[in-house]
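# A predicted structure for the sequence below; I have some questions about it.
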Amino acid sequence: MSEQIQESVSVATGETLVEINDLKTYYDDGAILDSNPVKAVDGVNFDIKRGETLGLVGESGCGKTTLGRTLIQLEDATDGEVLFDGTDVTELSGTELKNWRRNSQMVFQDPESSLNDRMTVGEIIREPLDVHAWNTPQERRERVRELLDVVGLRPEHYYRYPHQFSGGQRQRIGIARALALEPEFVVLDEPVSALDVSVQAQILNLLEDLQDEFGLTYLFIAHDLSVVRHICDRVAVMYLGHVMELGDSEELFDNPKNPYTHSLLSAIPEPDPTANKERITLRGTPPSPRDPPKGCPFTTRCPMKIRPEKYQNMDADLWVAIEVFREVLRERARAEKTLTEIAKEKLGMDTRFSSIGEIRTELFAELDVPSEVREHIDTAATYVANNEEAKAREYLGEEFGSICDSETPAHHVVSDTGRASTCHRHLAEYDEPDEFTPYTER
Ligand code: SF4
């Protein structure tokens with residue numbers, strides 16, 4: 001069984017360049033009816049070693065881009081530390097911040113929109129040098145020509161405009177601009193996802209060559225897991241603002257230890273169509289980062305969620321129906337009611353918020369529901385019908401909830417190489433995720 005750790009999930013070998021401690025980035029997206037902030041990054045700990053490529057993966061909206069932007073101070077951290085060579089850059093401002101920024105750059109996802117079409121390629125690449133008043137104007141022009149060569153473009157491209165280039169060439173321009181000030185750390189935000197597959201390989205090779213040549217350290221953000229496996233030394237898997245698993249890339253892909261990583265990897269298409277690969281289909285969508293679950297962030301969708309002792313042997317379909325029922329009630333609590341709906345409700349008329357009977361029938365009518373369970377469902381439905389939805393949620397939580405709903409899991413070291421996974425199943429009293437069959441496998 002794993003050793004439990006509470007602090008960082010870093011692999012403690014090699015020299016650390018970036019250390020992130022309990023980093024949080026919250027923001028308000030201007031919604032009127034809800035004052036909770038969006039918790040895009042919600043307590044992340046890890047480090048990045050000098051010269052390595054750390055992959056950051058997860059579904060769209062999981063907070064990976066916000067995390068990348070916070071690391072290089074394009075977003076303000078709400079709390080926590082980002083230490084670069086021991087200096088907390090979240091505390092920097094003014095000239096200190098400007099000087100530090102030379103050292104950390106970003107390559108953006110979309111080469112079509114990330115370059116200013118009214119500037120020549122030379123001006124685009126030279127802009128950071130101008131902003132930082134780097135050497136003489138003559139030396140800046142020389143530097144741009146050097147950079148064009150480094151990224152595989154030609155000297156005559158200096159006076160052309162971005163629209164005259166293909167997607168791959170435009171990404172080369174973006175990379176040249178990011179390297180202009182000789183940074184040590186580069187955040188690559190989905191740098192190849194907008195490109196054709198054949199061009200993707202060229203850009204990935206270029207990024208690897210540049211890393212070898214200039215000793216760069218990369219944070220590589222991606223949703224394409226096969227690309228990550230190819231290029232990254234280690235991978236961090238993110239869900240709803242949290243890192244669920246972090247460790248050696250090959251090891252993590254070959255033997256995922258966290259239920260979320262397991263589900264994410266099971267969705268990668270298998271090159272061999274005859275291979276008998278288990279696929280896990282996650283139900284629903286991730287919860288709102290404004291209102292994340294209280295316990296484990298993955299608890300509302302986890303196919304390996306821990307059940308209460310007395311329901312260990314419950315039929316899998318019935319368990320899923322109960323989970324969905326609880327999720328529907330949580331969603332209803334979050335949904336913004338229109339003024340008409342509020343008015344109808346007050347007048348005792350039917351609204352989409354008063355159809356609990358229909359939901360119950362749809363979920364349970366075709367299942368064999370033991371009488372004890374049926375009683376609990378009926379009690380909750382009665383609370384809802386009486387406009388006591390919070391009481392219904394609490395009642396179901398007490399009956400069917402588990403540690404996954406109520407306690408945030410700690411990070412556990414799960415391999416000799418220091419891989420860490422955030423899941424209660426690594427505790428001695430539960431089955432390890434890889435010994436447990438997911439109950440929604442298809
Ligand atoms: S703590 Fe529970 S809900 Fe979270 S990943 Fe582990 S088993 Fe799933």
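Looks like it came in fine.
# so Val44: helix, strand or coil?
Following DSSP: H, G, I helix; E, B strand; the rest coil, the label given to Val44 is strand.
# which ones are touching it?
The contact partners of Val44, taken as C-beta atoms under 8 Å, 6 or more residues apart in numbering, are 20, 22-24, 67, 80, 238, 241-243. In this view, the C-beta of every residue, glycine as well, is placed from N, C-alpha and C.
# pull out the buried members of these.
20, 23-24, 67, 80, 238, 241-243 (16 or more other C-beta atoms under 10 Å).
# what does the stretch 251-400 of the chain have sitting close to the ligand?
259-260, 296, 298-299, 302, 304-306 (C-beta under 6 Å from any ligand atom).
# apply 8 Å and report the result again.
Contact residues (C-beta under 8 Å from any ligand atom) of the stretch 251-400 of the chain with the ligand: 258-260, 295-299, 302-306.
# what about the residues you listed, which are in helices?
259-260 (DSSP state H).
# the residues of the stretch 251-400 of the chain next to the ligand: which two are farthest apart?
Within those, Gly295 and Pro303 form the most distant pair, 16.0 Å apart (C-beta to C-beta).
# looking at the two, which is more packed in?
Pro303 (23 against 19; other C-beta atoms under 10 Å).
# tell me how far the closest residue to the more buried one other than its chain neighbours lies from the ligand.
The shortest distance from Pro303 to any non-neighbouring residue, by C-beta to C-beta, 6 or more residues apart in numbering, is to Pro438 (3.7 Å). Distance of Pro438 to the ligand, given as C-beta to the nearest ligand atom, to the nearest Å: 10 Å.
# got a list of what Pro438 touches?
259, 262-263, 278, 280, 303-304 are the contacts of Pro438 under C-beta under 8 Å, 6+ apart.
# got the phi and psi for the closest residue to Leu83 other than its chain neighbours?
Distance criterion C-beta to C-beta, 6+ apart; nearest residue to Leu83, sequence neighbours excluded, is Glu19 at 4.2 Å. Dihedral pair for Glu19: phi -130, psi 130, per degrees, to the nearest 10.
# what's opposite Glu19 in the beta bridge?
Residues in a beta bridge with Glu19, per DSSP bridges, are Asp47, Leu83.
# separation between it and Val44?
Glu19 is 11 Å from Val44, where distance means C-beta to C-beta, to the nearest Å.
# how is this structure divided into domains?
Taking automatic domain parsing as the reference, the chain has its domains at 3-266, 309-401.
# just name the most buried of these.
Of the domains of the chain, the one with the most neighbours on average (mean count of other C-beta atoms under 10 Å) is domain 3-266, at a mean of 18.
# ok, Ser93 to the ligand distance?
Applying C-beta to the nearest ligand atom to Ser93 and the ligand gives a distance of 38 Å.
# in what helix or strand does Asp378 lie?
Using DSSP states H and E, the element containing Asp378 is helix 371-385.
# name the surrounding residues that touch that helix.
Taking C-beta under 8 Å, 6+ apart as the rule, helix 371-385 contacts 314, 318, 322, 325, 329, 354, 356-357, 360, 364, 369, 389, 391-392, 395-396, 399-400.
# I'd like the next helix or strand past that helix.
Assigned by DSSP H and E, the successor of helix 371-385 is helix 389-400.
# quick check: mean pLDDT of that next one?
The pLDDT scores in helix 389-400 average 95.
# swap in stretch 434-442?
On average, stretch 434-442 scores 60.
# same thing with stretch 176-184?
Rounded mean pLDDT across stretch 176-184 is 96.
# over to stretch 218-228?
Averaging pLDDT along stretch 218-228 gives 92.
# please apply the same query to stretch 321-340.
On average, stretch 321-340 scores 77.
# list of residues touching that stretch?
So stretch 321-340 is in contact with 33-34, 283-284, 287-288, 290-291, 300, 305, 345, 351, 353, 359-360, 363-364, 367, 373, 377, 380, 384, 389-390, 392-393, 396-397, 400, going by C-beta under 8 Å, 6+ apart.
# try 6 Å
Residues outside stretch 321-340 that contact it (C-beta atoms under 6 Å, 6 or more residues apart in numbering): 33, 291, 300, 359, 363-364, 392-393, 396, 400.
# quick check: of these, which lies closest to the ligand?
Distance to the ligand across those (C-beta to the nearest ligand atom) is lowest for Thr300, with 8.4 Å.
# so what's the closest one scoring on pLDDT?
Taking Thr300 on its own, its pLDDT is 92.
# count the neighbours of it for me.
By the criterion of other C-beta under 10 Å, Thr300 has 25 neighbours.
# quick one: it and Glu399, what's the gap?
In terms of C-beta to C-beta, Thr300 sits 17 Å off from Glu399.
# check Ala316 too.
Taking C-beta to C-beta, one finds Ala316 at 18 Å from Glu399.
# how close does the closest residue to Ile403 other than its chain neighbours sit to Ser415?
Closest residue to Ile403 apart from its sequence neighbours, by C-beta to C-beta, 6+ apart: His424 at 5.2 Å. In this view, His424 and Ser415 are 18 Å apart by C-beta to C-beta.
# and if you look at Arg332?
41 Å.
# cool, Ala77 as well?
30 Å.
# swap in Asp110?
Computed as C-beta to C-beta, the Asp110 to Ser415 distance reads 36 Å.
# over to Leu83?
In terms of C-beta to C-beta, Leu83 sits 25 Å off from Ser415.
# go on, Tyr218?
23 Å.
# just give the nearest non-adjacent residue to whatever residue of the stretch 51-200 of the chain ends up closest to the ligand, would you?
As assessed by C-beta to the nearest ligand atom, the ligand sits closest to Gly58 within the stretch 51-200 of the chain, at 13.6 Å. Excluding the flanking residues, the one nearest Gly58 by C-beta to C-beta, 6+ apart is Met238, at 3.7 Å.
# sweet, I'm off.
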